[in-house]
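**Student:** Next input, structure requested:
(one chain, ligands or ions: 1)
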Amino acid sequence: MIAMNEVTKIYETKNRLGWFRAERVKTEAVKSLSLTLEPGQITGLLGLNGAGKTTTIRMLSTLLNPTAGSIEVDGLDMNRSRSAIQQKVNMIAGGERMLYWRLTGRENLQYFGSLYGLDSARLRLESERLLNEVGLGEAADRPVEQYSKGMKQRLQIARGLINDPKYLFLDEPTLGLDAPIARQLRGMVRSLAKERGKGILLTSHYLQEVEELCDNVNVLNRGELLMCDTPDRIVSRVAGMQTVHFELAGWRDELNPLLLEYLHAEIGLNRKEWTELHKPSAESGSSSDEPVRLTVKSRSADKLITKLLPWTAENGLKVVSFSAEKPNLEDAIILLSEGKVS
Ligand SMILES: Nc1ncnc2c1ncn2[C@@H]1O[C@H](COP(=O)(O)OP(=O)(O)OP(=O)(O)O)[C@@H](O)[C@H]1O
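**Tutor:** Predicted structure coming up:
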């Protein structure tokens, strides 16, 4: 298991104020962050831009030192056992970083493998095996600059596996990839965790990908951990409200207060739930008997629908249509980052 214990990272930079003057600026990118990563599990790390995800991954990969706190990998402390930890971890970044373009795919793997002290016979075998595994067997001896984006990304995966790490950190692994290639990569990530028992930490701006792959998700905002839970539970804890739309014909203004009273009394809408009534505007040329659009956010959408349908009939309204929208992880992350959830 990997455990980050109350880790803080402060960057210190200099801001030039003129020819001879500069001021020191401190940025607290990660604030007292504790999280764990288990073998065989895919753990998400989410947050808006600047939340501290890349900084966290770079610290876990031993590329950056925390300013405070500790990181343990299978009981080894990162300060004391850095090189033993480097054998157990690796990082794969999306985009086109971390590869040598003039070298071939095979040469890239052999170079990166040599950094882990693999001997040349093992390097040859491992490179061949990994190139075939990621479908680059035939392109192995072409320079990387001739590879497509998807091929480069598959080579990144092979590079990240060259030391057979127990833990893999993936920073935007499907960035800029076409849908079928991204899907193929997601399949690889899933099988690395579920069939080969690797512990994976994943950051991605594609929240559907996170929802689909991750067992657990950590949500960061300005360097702080806001929540850690399964994607489903985060959605229901944060954005558990469903939005229900009704189109009602025959609306009369005197129904406005009656509807609100009824919703409060029967469904118990609280202050986080809201009701909105959209009437077709006379200016837009619509006739007054055109249906109104009623939108209600509620944690109990089923109850809302079963209670509201008889009320509309009792009040002489005709339900033209109704539909319910389920919230997703994206809704939850936006609400969390906006501080709208306690
Ligand atoms: N080398 C650096 N020097 C100074 N400040 C930095 C450095 N790297 C990152 N930061 C700052 O630290 C904070 C966290 O940045 P980080 O790149 O970890 O966030 P992120 O969540 O990965 O963002 P993104 O989604 O945009 O990649 C930001 O305020 C950023 O400006």
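**Student:** and the longest helix for the protein?
**Tutor:** Identified as the longest helix of the chain according to DSSP state H is helix 179-194.
**Student:** hmm, who's touching that helix?
**Tutor:** Contacts to helix 179-194, defined as C-beta atoms under 8 Å, 6 or more residues apart in numbering, come from residues 40-42, 134, 149-150, 153-154, 157, 161, 168, 170, 173-174, 177, 198-200, 202, 206, 209, 212-213. No exception for glycine: its C-beta is placed from N, CA and C like everyone else's.
**Student:** Now intersect those with the strands, please.
**Tutor:** Here DSSP state E is the test, and those give 42, 168, 170, 199, 200, 202 as lying in strands.
**Student:** could you flag which of the contacts of helix 179-194 are buried?
**Tutor:** Buried members of the contacts of helix 179-194, counted by 16 or more other C-beta atoms under 10 Å: 41-42, 134, 150, 153-154, 157, 161, 168, 170, 173-174, 177, 198-200, 202, 206, 209, 213.
**Student:** Quick one: the helices in the protein, in order.
**Tutor:** In the chain, the helices defined using DSSP H lie at 53-60, 82-88, 105-114, 120-133, 149-161, 179-194, 207-213, 231-239, 255-262, 301-314, 329-337.
**Student:** got a pLDDT number for residue 228?
**Tutor:** The score at residue 228 is 93. That number is its pLDDT.
**Student:** correction: residue 274
**Tutor:** Looking at residue 274, its pLDDT reads 62.
**Student:** repeat for residue 77
**Tutor:** Listed pLDDT for residue 77 reads 95.
**Student:** The one 4 residues further on too?
**Tutor:** The predicted structure scores residue 81 at 93 on the pLDDT scale.
**Student:** Number of residues surrounding the nearest residue to it once chain neighbours are set aside?
**Tutor:** Nearest residue to residue 81, sequence neighbours excluded (C-beta to C-beta, 6 or more residues apart in numbering): residue 73, at 8.0 Å. Neighbourhood size, residue 73 [other C-beta atoms under 10 Å]: 24.
**Student:** For residue 73, name its beta-bridge partners.
**Tutor:** The bridge-partner assignment for residue 73, based on DSSP bridges, gives residue 2, residue 76.
**Student:** which ones are touching residue 31?
**Tutor:** Residue 31 sits next to 8, 52, 222, 223, 224 when contact means C-beta under 8 Å, 6+ apart.
**Student:** I only care about those that end up buried; give me the PyMOL line for that.
**Tutor:** Remark: buried members of the contacts of residue 31, expressed as a PyMOL selection using 16+ other C-beta under 10 Å:
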select buried, resi 52+223
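**Student:** So of the contacts of residue 31, which two are at opposite extremes in space?
**Tutor:** Spatial extent of these (C-beta to C-beta) is set by the pair 8 and 222 at 12.7 Å.
**Student:** Quick check: strands, which of the contacts of residue 31 are part of them?
**Tutor:** Judged by DSSP E, these include 8, 224 as members of strands.
**Student:** quick check, nearest of the contacts of residue 31 to the ligand?
**Tutor:** Checking the contacts of residue 31 against the ligand by C-beta to the nearest ligand atom gives residue 52 as the nearest, at 4.5 Å.
**Student:** quick revisit: buried ones in the longest helix of the chain?
**Tutor:** Within helix 179-194, the residues scored as buried using 16+ other C-beta under 10 Å are 181, 182, 184, 185, 186, 189, 192, 193.
**Student:** quick check, nearest of those residues to the ligand?
**Tutor:** Nearest to the ligand, judged by C-beta to the nearest ligand atom, of those is residue 182 at 17.8 Å.
**Student:** sorry, back to before: can you convert the ones in strands among the contacts of helix 179-194 into TSV and add a column each for distance to the ligand and pLDDT?
**Tutor:** As requested, these are exported to TSV (distance: C-beta to the nearest ligand atom, whole Å; pLDDT from 0 to 100):
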residue	distance to the ligand	pLDDT
42	18	97
168	17	96
170	13	93
199	20	97
200	17	97
202	13	95
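**Student:** any weak-confidence spans in the stretch 51-200 of the chain?
**Tutor:** Along the stretch 51-200 of the chain, the model assigns pLDDT under 70 to residues 95-96.
**Student:** Write out the residues of it neighbouring the ligand.
**Tutor:** Residues of the stretch 51-200 of the chain lying near the ligand by C-beta under 6 Å from any ligand atom: 51, 52, 53, 54, 55.
**Student:** who wins for neighbours among those?
**Tutor:** Most neighbours among those, by other C-beta under 10 Å: residue 53, with 26 neighbours.
**Student:** contacting residues around the closest residue to that residue other than its chain neighbours?
**Tutor:** Using C-beta to C-beta, 6+ apart and skipping the chain neighbours, the partner closest in space to residue 53 is residue 203 (4.5 Å). Neighbour list for residue 203: 44, 45, 46, 53, 54, 57, 170, 171, 172 [criterion: C-beta under 8 Å, 6+ apart].
**Student:** contacting residues for the last one?
**Tutor:** Remark: with contacts taken as C-beta under 8 Å, 6+ apart, residue 172 is in contact with 93, 94, 95, 203, 204, 205.
**Student:** Right, I'll leave it there.
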